[in-house]
Each structure stands twice: as C-alpha cells, then as structure tokens.
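>>> what would the 3D arrangement of this be:
(chains A, B, C and D)
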There are 2 protein chains.
Amino acid sequence: MTTVGPCAGLDKPDCKHGRSLNGCDDCKVRLFSVCGALDPAELDELDQISHVKIFAPKTMLFDQDALAGSVFNVTEGIVRLYKSLPDGRRQIVGFALPGDFLGLALMDRYGMAAEAVTQVKVCRFARPAFVTYVDGKPHLLRRLHEFAGHELSLAQDQMLLLGRRTAEEKVAAFLLNLQTRYGRIGATSVTVPLPMSRQDIADYLGLTIETVSRTLTKLAKEKVLVVVPDGVRLLSVERLDQLAAA
Amino acid sequence: MTTVGPCAGLDKPDCKHGRSLNGCDDCKVRLFSVCGALDPAELDELDQISHVKIFAPKTMLFDQDALAGSVFNVTEGIVRLYKSLPDGRRQIVGFALPGDFLGLALMDRYGMAAEAVTQVKVCRFARPAFVTYVDGKPHLLRRLHEFAGHELSLAQDQMLLLGRRTAEEKVAAFLLNLQTRYGRIGATSVTVPLPMSRQDIADYLGLTIETVSRTLTKLAKEKVLVVVPDGVRLLSVERLDQLAAA
DNA sequence: TGCGGGCATTGATTTACGTCAACGCCGGAG
DNA sequence: CTCCGGCGTTGACGTAAATCAATGCCCGCA
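Predicted coordinates:
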C-alpha cells in the first residue's frame, strides 16, 4: 500500500500527494469551518493546494513569532495555542478543536506558538497560495473575517475571565465552554474529555496546577462533577452555570 | 452659522447633514484608520454615508449586547470598551484612540459596551449601509480583516498580561503601550496623559484602584516616573521596558 | 512483576494583592 | 470664599491563590 516516489514517507497510506482520498468531500468539519463558505468547484480548487498533515502529541505546529509560512485547518485532535514570557511563564490563549482555523489573521508572523495536545490532523496551506486563493473570493474573505470577529469576541470574554473571575468561576466556565464546543462538533455528552494536562488548564485560566486540582476536588466534593481519567463527568450543569455566570 | 432645517440642533456649526465641511479630506486619522485603504472616489462615497457625532465624557456610544446599529471610527478622544459581569465586576478590554474602529467584526451585536472617557468625536455609519458599502470593496474588507487580526493579537497579549504578569509588570506595560499608541497618532512625548480614572486602569489591568495607585507611587519612588495631574511623565523608559518585558 | 518518571493530589505555609478605612486634594456650586 | 462630593493616596489588615513540599498513582518498560 505504501507508495514510492513523491508520496514515500508521508503519514497516510491513502496519500494522494498529501491529500486524503476524497479530499474535502469527506471532511467531517467542513461545514463548521471556514471552508463551509465554498461551493464544490471552489472546494476542488482548494483541495489542490491543501496538504493533510499529522502531528504527534507534543509536537509543534509553529513557534511564537515565526514567519507564517502556512495556515492550517484542524480536522482532528486538539492544539494548544500559547504565548510565553522570556522567563518561561506561559499563557495559553486558546485550545483549537476540529474545525478551527489557525492563521486566521493572515499576518506574516504567527503571534503565538501552536502545539499538538493529542495527535492532530490538519489541512495545511502554504500561506502565499492561500492568500492568492482568497484574493478572488470575497465571500471567503468575509467568512474568514466572521471567524476572526468571533475569535476576537472569545478573546475578550477570556480577558474578563482572567481579569475578574475567581478560580472556581474560571474552572466552571472552562468546563462548560469546552462541553459546548465538543457539542458543536458532534460530541454532545456530560463527560467532558480533558486531554490536556492540568498545567495546560492552569496556563489557560491564569492559575497554578494546584489551584486547578483543588478546585476540581472541591467541585467533586460538592457533587457538581466527578473527576474521571482524562476528563470530568458533569453532574450538575445547572450549578456549574451558576458558578460560571456570576 | 447655525443652520435651521435638517441640521438644526446638531453638534457642530459646520454641519453638512452631520458631516464636517470637508468630509474625510481633512480627517486627521484617515491614514491610520481603515479608511486609509480607500481612493478619493471611494472616500467621497463613504462621506455620503458617514455622520460626525460628538459624545460628551461618560456618555455611552453603545451598550454590551445591544443590536449593532452603527459602526464607528474614532477621530478624537478616548473610548473605554468593556464587558461586565451581572454582579458589577468590570473588565475593560481596550481603550480606543483616534484612528480606532469600533464594530470591526461587523457582527449583529456589540459584544461589549463603549463609553466616552473624554469628549469623543466619531464618524458614525449605519451598519447596514456600511456593510453594503464594504461588499463591493474587497480591499476594504481586507483592510478591516487586517485590523481585526491586529486587534486579536493585542487581545492575546492582554490575556498574557492578565493571566501571568504581576501588578508592577502590568502597570509598566500599560504605560509603555499607551505611550507607543500616542506616538503612532502623532503625540510622541515622555509625558503620557491618563484621561481615564484609576478605576478604569484597574479594570483594564485586572487590579484594584489601590494597587494601581500604590504601584505608581512605588515607580515614582524608584524614579522611574513622576505622577503628574492627569498623567505620568516617564523618567526611565528603559527601566520600564525591563519591568514590562520580563 | 517490579522499577522509574511524569502527572495529579493534598497539606502546610507564604505572599501579592484585595479589602476596609481614613484622609487629603481639587474643582464646581452656592 | 466655603462647602461638598468625587477621586486618589496611604495605611492596617485579611484572604485567595501561590509556593513549597510530600505522597500517591499510573503506565511504559526492563
């Protein structure tokens, strides 16, 4: 099955110069993602410049301030996006789930680093090719802009969370938010997987691992949730909502 | 000078159906703002749908979650943009200076509230008219998108600040940042005006007024700056850089 | 099957920042 | 000019979360 020639050594046996067998057609996240704005012909064209790539857990998609050579559409797995201070303090600015687009701003440098949390599958596009592609498609640019606007709004919510909420409120909001996002990509459940480490959660919420851990145990003691391996099971979404809202 | 008829009661004697005498031509911030992407003919067209409006200090441009009826380009003064929690805790997500655009995301609701800090002068556009205007102008959409990308990047920097920096680092970064922004709109000086209250600064940095005040006093004692009426004079930008960076 | 190394939890203690409270300054109203 | 109310500063004290420090758990690996 593994081919020789231009495809040798690529991640997937169904490689067709880096694309999956049916290209975007069988993409599970297309409708949620920026690609949802495209008609079949445009999708085909996009297919030509896309490359499927798989990243192992803990590998880096790109580094903070590196030249933005590519943009990505996440199709499987979870990516942590973060900024670091010279002394090592880290702030995770977001977790990218399937359907999320990395490099939305189309700027010439990534302003943050991106690392695979789980195994991650992406559609990669060379930025110049993607920008050229977008140039003749105002509706796609419009869609990108909508996504960017949404991101901006989320970023501002996160500012409110980081600046003005208590540890308990932060954790509650985080869990609910994650549950909602899983739901949108078709994984509705009261069991919320947490593939990222406690350190990741802490760096996302502006806390320490100890505080995250203590807060989860506190919520567990209050029967709001149960801590399970690699996740939590929510017992009272209602109560969690209360905590997160005010 | 004050006209009767359709212009009666408007803020400015040079009113021409809400526009200033020379429209965008004499706009001081045009080149810094999204309008910088437009050629003279387009500018003229934009002029037709713009209305100059003046807001007194402490008046509201729009409220959190209100329907986004207008978008604005700030031409004079300072606007605070904030989100509030039901219990009154507030996070200022940004201060808009001349040249800044409010409603970049073009979404149907403002996600935040906007209040004039000083007297504020804006170009107001009805959102539907503006969206229609943008629709035929991909280069303007591109420019809006660039601005949104920049905003997003700033928001992420602010997350890092809120989540991972100390009070002193926060204040230092805030002052330098503001100085840089004043510089970009042609007000380069080591004296940084602070027209906003201590409460505003605190709500921007995720601190209390007391901590902001104490931190400024501390920096003053260390001869890094001098607190002056409605501002600070920076004595050692170098030292401030050190504090802000790491 | 036992060993080693992350990762998470838990407890004891510290601390940066918040809270509470008093006071001073300044600018507008009478 | 004097009073008043808002804003900023300063000090004393409290506390949420950080730090420091074990200890436990799980999982890959010999």
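
>>> for the rest of this, base every contact and every neighbour count on C-alpha atoms.
Fine.

>>> tell me who's in contact with A:Ile78.
Applying Cα atoms under 8 Å, 6 or more residues apart in numbering or on different chains to A:Ile78 gives the contacts A:Phe95, A:Ala96, A:Leu97, A:Pro98, A:Ala116, A:Val117, A:Thr118, A:Gln119, A:Val120.

>>> now the buried members of those residues.
The neighbour count (16 or more other Cα atoms under 10 Å in any protein chain shown) marks A:Phe95, A:Ala96, A:Leu97, A:Pro98, A:Ala116, A:Val117, A:Thr118, A:Val120 as buried among these.

>>> in JSON lines: those, plus pLDDT.
Below are the buried ones among the contacts of A:Ile78 laid out as JSON lines (pLDDT from 0 to 100):
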{"residue": "A:Phe95", "pLDDT": "98"}
{"residue": "A:Ala96", "pLDDT": "98"}
{"residue": "A:Leu97", "pLDDT": "98"}
{"residue": "A:Pro98", "pLDDT": "97"}
{"residue": "A:Ala116", "pLDDT": "98"}
{"residue": "A:Val117", "pLDDT": "98"}
{"residue": "A:Thr118", "pLDDT": "98"}
{"residue": "A:Val120", "pLDDT": "97"}
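
>>> nearest to DNA strand D, of these?
A:Thr118 (13.7 Å; Cα to the nearest atom of the strand).

>>> how about the residues of chain A near DNA strand C?
Residues of chain A lying close to DNA strand C (Cα under 7 Å from any atom of the strand) are A:196-199, A:209-214, A:216-217, A:227.

>>> what subset of those residues is also close to chain B?
When contact is defined as Cα under 8 Å from any Cα of the partner chain, those do not meet chain B at all.

>>> A:Val74 in helix, strand or coil?
strand (DSSP: H, G, I helix; E, B strand; the rest coil).

>>> now the two most distant members of the contacts of A:Ile78.
The span of the contacts of A:Ile78, defined through Cα to Cα, is set by A:Phe95 and A:Gln119 at 13.7 Å.

>>> how about the strands of chain A, start to end?
For chain A, applying DSSP state E gives strands covering A:50-55, A:60-62, A:70-76, A:79-84, A:90-96, A:101-102, A:113-116, A:120-126, A:191-193, A:225-228, A:231-234.

>>> for the shortest one, which strands pair with it and how are they oriented?
Applying DSSP bridges, strand A:101-102 is found paired with strand A:70-76 (antiparallel).

>>> middle-most residue in chain A, spatially?
In chain A, the centroid-proximal residue (Cα atoms, centre = their mean) is A:Ala96; its distance is 0.6 Å.

>>> helices or strands up against the helix or strand of chain A with the lowest mean pLDDT?
Lowest on mean pLDDT, DSSP states H and E among the helices and strands of chain A sits helix A:40-49, with a mean of 93. For helix A:40-49, the packing partners by 3 or more Cα pairs under 8 Å, 6 or more residues apart in numbering or on different chains; DSSP states H and E come out as helix A:127-135.

>>> return the list of helices and strands in contact with the helix it packs on.
Using 3+ Cα pairs under 8 Å, 6+ apart: helix A:127-135 touches helix A:40-49, strand A:70-76, helix A:138-164.

>>> mean confidence for the second one?
Mean pLDDT, computed over strand A:70-76, is 97.

>>> and what of stretch A:166-182?
98.

>>> of the residues of chain A next to DNA strand C, which is the most crowded?
A:Val212 (22 neighbours; other Cα atoms under 10 Å in any protein chain shown).

>>> give me the nearest residue to that one, chain neighbours excluded.
Excluding the flanking residues, the one nearest A:Val212 by Cα to Cα, 6 or more residues apart in numbering or on different chains is A:Ala202, at 6.2 Å.

>>> just checking, A:Arg164 touches B:Val93?
No - the criterion here is Cα atoms under 8 Å, and A:Arg164 misses it with B:Val93 at 11.5 Å.

>>> the two - which one has more neighbours?
Neighbours of A:Arg164 and B:Val93, each counted by other Cα under 10 Å, are more numerous for B:Val93; the result is 26 against 22.

>>> need the contact list for the more buried one.
Contacts of B:Val93 (Cα under 8 Å, 6+ apart): A:Gln156, A:Met159, A:Leu160, B:Arg80, B:Leu81, B:Tyr82, B:Lys83, B:Ala155, B:Tyr204.

>>> quick one, which of those are buried?
Buried, going by 16+ other Cα under 10 Å: A:Gln156, A:Met159, A:Leu160, B:Arg80, B:Leu81, B:Tyr82, B:Lys83, B:Ala155, B:Tyr204, out of the contacts of B:Val93.

>>> many thanks, I have nothing further to ask.
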